[in-house]
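Novice: Only the shape, not the letters, is given here:
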């Protein structure tokens, strides 16, 4: 469903992994692409929806099981789910009356990779300096 | 500087690590706290600033070295830096004329941890199902 809307995070390495956010300055194009995914995560309702979908045993969840957890209308929940889907974090399929959602773990895996510090010497110790300013 | 503004992400385990976003439904309080950090990352300028700060050899960068990379005013850059600081992603110190910034790697480490899937059986194979909808 709506595959063309999915954001594809960079796959620059032969292993499908990504240059980190922490290892080199991001270029403009990549920062725009990546910001869309973080923006989708930058909302409490969407984070709760994503965690409910991702943690569901069996790997998928009916929209009918998501909406009762929120004091929000069905269209509002659907809008949040659409933003998560457009960010490539989840996908869905309609079966009869209901739509079923599941996590796209390759996107969260890539975000985790992007936020992971490269192996190497530790950063300089900073404890205490902030209070001196 | 402004330590009290920093968002402290949950430290629920004895090892300082965090319950994942992907392992259990997030509660409302935690989703609000976490969304603030992701929202700070949900902007291309802030992502580029963070990557410039994090990847700088020596571990810190003068604001005077950040602004020339952008076609934006100094107050605009300072505003973005303030949002990154309020999210607990960076900290800073004034020395004479300039302010120096550095990464707070414990926050990015925690986000990476939150986005990492728990060890266990892989999720059901989903390839192809989206196209059937």
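Specialist: Arrived safely, thanks for sending. Since we're looking at a predicted model, the values are computed, not measured.

Novice: low pLDDT regions in chain A?
Specialist: The model of chain A has pLDDT under 70 over residues A:1-19, A:120-133.

Novice: Skipping its backbone neighbours, what lies nearest residue A:116 in space?
Specialist: Once flanking residues are discounted, residue A:116 sits nearest to residue B:112: 4.7 Å by Cβ to Cβ, 6 or more residues apart in numbering or on different chains. All C-beta atoms are positioned from the backbone trio N, CA, C, and that covers glycine.

Novice: Could you check how many residues crowd around that neighbour?
Specialist: Neighbour count of residue B:112, defined by other Cβ atoms under 10 Å in any protein chain shown: 20.

Novice: Kindly tell me how buried the residue nearest to residue A:74 when sequence neighbours are not counted is, as a neighbour count.
Specialist: Closest residue in space to residue A:74, ignoring its immediate chain neighbours: residue A:67 at 5.6 Å, by Cβ to Cβ, 6+ apart. Residues lying near residue A:67 (other Cβ under 10 Å) number 17.

Novice: thinking again about what came up before, now do the helix or strand harbouring the residue nearest to residue A:116: distance to the chain's middle.
Specialist: Taking DSSP states H and E as the criterion, residue B:112 maps to helix B:105-114. Relative to its parent chain, helix B:105-114 has a centroid offset of 8 Å by Cα atoms, centre = their mean, to the nearest Å.

Novice: Once you drop chain neighbours, what's closest to the residue most central in space within chain A?
Specialist: With distances taken as Cα atoms, centre = their mean, residue A:89 lies nearest the centre of chain A, 4.7 Å away. Excluding the flanking residues, the one nearest residue A:89 by Cβ to Cβ, 6+ apart is residue A:107, at 5.2 Å.

Novice: Pretty sure the one you found sits against residue A:88.
Specialist: Yes - in this structure residue A:107 lies within contact range of residue A:88 using Cβ atoms under 8 Å: 4.7 Å.

Novice: tell me the contacts of the closest residue to residue A:44 other than its chain neighbours?
Specialist: Spatial nearest neighbour of residue A:44, excluding adjacent residues (Cβ to Cβ, 6+ apart): residue B:31 at 3.9 Å. Neighbouring residues of residue B:31 by Cβ atoms under 8 Å, 6 or more residues apart in numbering or on different chains: A:44-45, A:47-48, A:51.

Novice: still on that earlier bit, list the contacts of the residue nearest to residue A:116.
Specialist: Residue B:112 touches A:112-113, A:115-116, counting by Cβ under 8 Å, 6+ apart.

Novice: Now for those: which two are most distant?
Specialist: Spatial extent of the contacts of residue B:112 (Cβ to Cβ) is set by the pair A:113 and A:115 at 7.4 Å.

Novice: When the two are compared, which one has more neighbours?
Specialist: Neighbour count, other Cβ under 10 Å: between residue A:113 and residue A:115, residue A:115 has more, with 24 against 19.

Novice: how much space between that one and residue B:115?
Specialist: Distance from residue A:115 to residue B:115, counting by Cβ to Cβ, to the nearest Å: 7 Å.

Novice: Many thanks, we can stop here.
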